[in-house]
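Undergrad: Structural data only, the sequence is not supplied:
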């Protein structure tokens, strides 16, 4: 197992730790959870960089990296709904797209086709992660200047989520015809 894949697995193992701090009532739990979430998000950038730089791209990584992202983001979004900090419909839209593309990838894999992340998919992930971080941090530091960066990032994330989902389906419609 190479370093890139180990980072992907680390990201998955950070999810329960993130949720434990986020949903517990320990002092500074949400802030600690935000820090864990940020570390997990950084592993996403690092694993891709390392895999490309050291030519360690694997089929395992192509499947597990997007799955790890989906698990991390879904855990955060569902927890934020439970905490009353996010509307459920937004989470349903985002997770519906994630399930749809995961099924598309599974169907493609059964045909021997690997669907890699697109630019839209990467932009979707980045905007979702930023929205989650700023929602977790109560829009810090932008709340000092009364600028709703967290809300703006959330709407951008929803738009990119929808566009990327449509783009994946459009580009890979041949997979669905089998």
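TA: Looks like it arrived, so ask away. Predicted model only: the values in this text are computed from it and were never measured.

Undergrad: Does anything pack onto the helix or strand where residue 99 lies? Which helices or strands?
TA: Residue 99 is part of helix 88-110, with elements assigned from DSSP states H and E. Counting contacts by 3 or more C-beta pairs under 8 Å, 6 or more residues apart in numbering; DSSP states H and E, helix 88-110 is packed against helix 59-82, helix 149-171, helix 173-176. Every C-beta, even on glycine, is put in place using the N, C-alpha and C of the backbone.

Undergrad: Repeat the analysis, applying 10 Å as the threshold.
TA: For helix 88-110, the packing partners by 3 or more C-beta pairs under 10 Å, 6 or more residues apart in numbering; DSSP states H and E come out as helix 59-82, helix 119-136, helix 149-171, helix 173-176.

Undergrad: Same list (these) but as CSV, adding mean pLDDT and distance to residue 27.
TA: CSV is the format used below for the helices and strands packed on helix 88-110 (pLDDT from 0 to 100; distance: least, C-beta to C-beta, whole Å):
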stretch, mean pLDDT, distance to residue 27
helix 59-82, 92, 18
helix 119-136, 95, 16
helix 149-171, 97, 23
helix 173-176, 87, 49
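
Undergrad: Now do the SS call for residue 112.
TA: At residue 112 the chain is in coil, as set by DSSP: H, G, I helix; E, B strand; the rest coil.

Undergrad: just to revisit the earlier point, relative to helix 119-136, how tilted is the helix holding residue 99?
TA: 150 degrees (axes from the mean of the first three to the mean of the last three C-alpha atoms, to 10 degrees).

Undergrad: the inter-axis angle of helix 88-110 versus helix 59-82?
TA: Going by the same axes, to 10 degrees, helix 88-110 makes 170 degrees with helix 59-82.
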